[in-house]
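1. coords below, sequence missing:
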C-alpha cells in the first residue's frame, strides 16, 4: 500500500483500511475473536491489538491539540521517547488487558472518527507540507496521520491474520 500524499488518498486509505480491519474482525467466528495469539507476541489477542490502535489514536489526538495550541507535546507520551516505544506499547497492553472486546471496538471506532474529522478539516498543503507545524518537526501532519491510521490498521490486520493462521509472531 503506497503512503498517502494527498488528502483524498489519506481519507480513502484510512477509511478503507479501517473498514477492512473491522470487517475482518467482525466476520470471525465468535470463539476466534477471543483466542490468544501464538507465543511471542506483545499483543496477546484481538482485543489487545484494537486497544493498541485506539490508544495510539488518543496519543495522536493529544499531540494535535497541544501542538496546534502552540505548545510542544510530549511525544510519544510523557516519560517515553521514540526509542522506548516498546516499553510504551507494553504499558498500553497492560492498561487495557482486562477490557472487553466490544468496549474496545466501540472506543476504537469513536477515536477513528475523531482522527478522521481532523483529516477532513485540513487542506493538502496543511497535511503534507513538511515542517509546516513546529510540533511535527521535520515531517508533515499527514505523515503522522498515515502512521496513526492506514499503516497502523494494515499492521493490525496482518498481525491478526497471521495469528489466526497460527504463525509464530516474533517481535509483534
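-> Perfect, I can see it now. Predicted model, so just to flag it, every value in this text is computed and none were measured.
2. now the residue nearest the centre of the chain: how far from residue 85?
-> With distances taken as C-alpha atoms, centre = their mean, the residue of the chain nearest its centroid is residue 53 (3.6 Å). Distance from residue 53 to residue 85, counting by C-beta to C-beta, to the nearest Å: 14 Å. C-beta coordinates here come from the backbone N, C-alpha and C atoms, glycine included.
3. then residue 40?
-> Taking C-beta to C-beta as the measure, residue 40 falls 18 Å from residue 85.
4. more neighbours: these two, which one.
-> Neighbour totals were compared for residue 40 and residue 85, and residue 85 leads with 14 against 11 (other C-beta atoms under 10 Å).
5. mind checking pLDDT for the more buried one?
-> Looking at residue 85, its pLDDT is 96.
6. ok, the one 3 residues further on next?
-> Residue-level confidence at residue 88 comes out at 97, pLDDT.
7. now do the contacts for it.
-> 76, 77, 80 (C-beta atoms under 8 Å, 6 or more residues apart in numbering).
8. from what I see, residue 17 and residue 146 are in contact.
-> No. Residue 17 sits out of contact with residue 146 when judged by C-beta atoms under 8 Å, with a separation of 10.1 Å.
9. more crowded one of the two?
-> Set residue 17 next to residue 146 and count neighbours by other C-beta under 10 Å: residue 146 wins out with 23 against 20.
10. for the helix or strand of the chain with the lowest mean pLDDT, buried residues please.
-> Every helix and strand in the chain was compared by mean pLDDT, DSSP states H and E; the lowest is helix 150-165, with a mean of 93. Neighbour-count burial for helix 150-165, with 16 or more other C-beta atoms under 10 Å as criterion, is recorded at 150, 151, 152, 153, 154, 155, 156, 157, 159, 160, 162, 163.
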